[in-house]
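*Asks:* sequence below, structure please.
(4 chains, ligands or ions: 4)
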Number of protein chains: 2
Amino acid sequence: METKDLKQAGLKATLPRIKILSLMEENTVRHVSAEDVYKTLLESGEDLSLATVYRVLTQFEQAGLVTRHHFEGGHSVFELNEGGHHDHILCVKCGRVDEFVDAVIEERQQKIAAEKGYDMTDHSLYIFGICQACQKL
Amino acid sequence: METKDLKQAGLKATLPRIKILSLMEENTVRHVSAEDVYKTLLESGEDLSLATVYRVLTQFEQAGLVTRHHFEGGHSVFELNEGGHHDHILCVKCGRVDEFVDAVIEERQQKIAAEKGYDMTDHSLYIFGICQACQKL
DNA sequence: CTCTAAATGCGAACGATTCTCATTAACCTT
DNA sequence: AAGGTTAATGAGAATCGTTCGCATTTAGAG
Ligand SMILES: [Mn+2]
Ligand SMILES: [Mn+2]
Ligand SMILES: [Zn+2]
Ligand SMILES: [Zn+2]
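*Replies:* Ligands and ions are numbered 1, 2, ... in the order given. Here you go, the predicted structure:
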């Protein structure tokens, strides 16, 4: 239950937070913008503010519940943290998103950071291309 | 001479374009924002509009003269195209930027795209960390 | 049930980028 | 070299995602 998850993350179990978290726990959505969350909840009859959606998603990020991605186009996309780190491959035609993990790449990044004298904290990797479906159009 | 480069790229050799291109050809700047370009040129006594800087940089990008990077923080950073493709490692403390190319990573990305059925067009990879200098603070 | 700090809603503010439109400048033609 | 055509520019308004400020509400401890 979301109330538990929230308290565990050190967050009060408020109505907006419960609604947003349960929406993100539905496996029908994996990569959503704040606007997506806002509109979906409005359509479900919930009444909340877009500013709150932004605030809550940022808190979720800080609490480690979600990850914020900077997909192209200026707007952020959020994803529930489950199943661990992974990178993304996106279709530039239709916006489809697939996920992958590559141990070799992960390891090489560590090596590069070390060579350059950096203490690596994070990385972001996006592959862009045209998905199978869009290639046939 | 910049006039030549511009014509070759199919662009009229206007004053703003010449100024911006020569600024970017100085090896004192490698990764600059539109704002950086604008302020630097103003300080050099040039008189031009920020809107023009944005327009020109976008045209340069389309003409293949520069590459636009989406470093974190919402704003774009531009870099003259010379020396070919490379990726970046950034210090999250001081903003330092280093460059690298890793053949293994490049190749793996191709493989991943192929496996997922994508026709890969591009990729973006940023490693974040703390640079040597900042580790000592 | 009460109280207090924290969370919310609303609209204003924000910062990077783009757009509109009147004015200016490139450069092709005489 | 001068003129005309058309694209480029300057100035500021507009846009868009996101954040802020502040009055109001609510969660949760006592
Ligand atoms: Mn994902
Ligand atoms: Mn670079
Ligand atoms: Zn597609
Ligand atoms: Zn540093």
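
*Asks:* from now on I want contacts and neighbour counts done on CA atoms only, so please keep to that.
*Replies:* OK.

*Asks:* torsion angles phi and psi at A:T52?
*Replies:* Here is the backbone geometry of A:T52 (degrees, to the nearest 10): phi -70, psi -40.

*Asks:* how close does it get to B:G64?
*Replies:* Counting by C-alpha to C-alpha, to the nearest Å, the separation of A:T52 from B:G64 is 42 Å.

*Asks:* which of these two has more residues huddled nearby?
*Replies:* Between A:T52 and B:G64, counted using other C-alpha atoms under 10 Å in any protein chain shown, A:T52 has the larger neighbour count: 15 against 12.

*Asks:* show me what contacts that one?
*Replies:* A:P16 (C-alpha atoms under 8 Å, 6 or more residues apart in numbering or on different chains).

*Asks:* distance of it from B:E2?
*Replies:* Taking C-alpha to C-alpha, one finds A:T52 at 50 Å from B:E2.

*Asks:* before we move on, what about A:D119?
*Replies:* From A:D119 to B:E2 the distance is 40 Å (C-alpha to C-alpha).

*Asks:* helix/strand/coil for A:L21?
*Replies:* helix (DSSP: H, G, I helix; E, B strand; the rest coil).

*Asks:* now the host helix or strand of A:K4: buried residues?
*Replies:* Using DSSP states H and E, A:K4 sits in helix A:2-8. Buried residues in helix A:2-8, counting neighbours by 16 or more other C-alpha atoms under 10 Å in any protein chain shown, are found at A:T3, A:L6.

*Asks:* pLDDT of that helix, averaged?
*Replies:* For helix A:2-8, mean pLDDT is 93.

*Asks:* show me the contact partners of that helix.
*Replies:* Applying C-alpha under 8 Å, 6+ apart, the external contacts of helix A:2-8 come out as A:K12, A:A13, A:R17, A:I18, A:L21, A:S22.

*Asks:* starting at the chain centroid, how far to that helix?
*Replies:* Helix A:2-8 sits 19 Å away from the centroid of its parent chain (C-alpha atoms, centre = their mean, to the nearest Å).

*Asks:* can I get that helix as CSV, trimmed to CA atoms?
*Replies:* Extracted C-alpha coordinates of helix A:2-8, given in CSV (Å, rounded to 0.1, in the frame of the first residue of the first chain):
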residue,chain,number,x,y,z
GLU,A,2,1.2,3.4,-0.9
THR,A,3,0.8,4.9,2.5
LYS,A,4,3.4,2.5,3.8
ASP,A,5,5.8,3.3,1.0
LEU,A,6,5.5,7.0,1.6
LYS,A,7,6.0,6.9,5.4
GLN,A,8,9.0,4.6,4.8
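
*Asks:* does DNA strand C sit close to it?
*Replies:* No: against DNA strand C, helix A:2-8 shows no contacts by C-alpha under 7 Å from any atom of the strand, the least distance being 10.1 Å.
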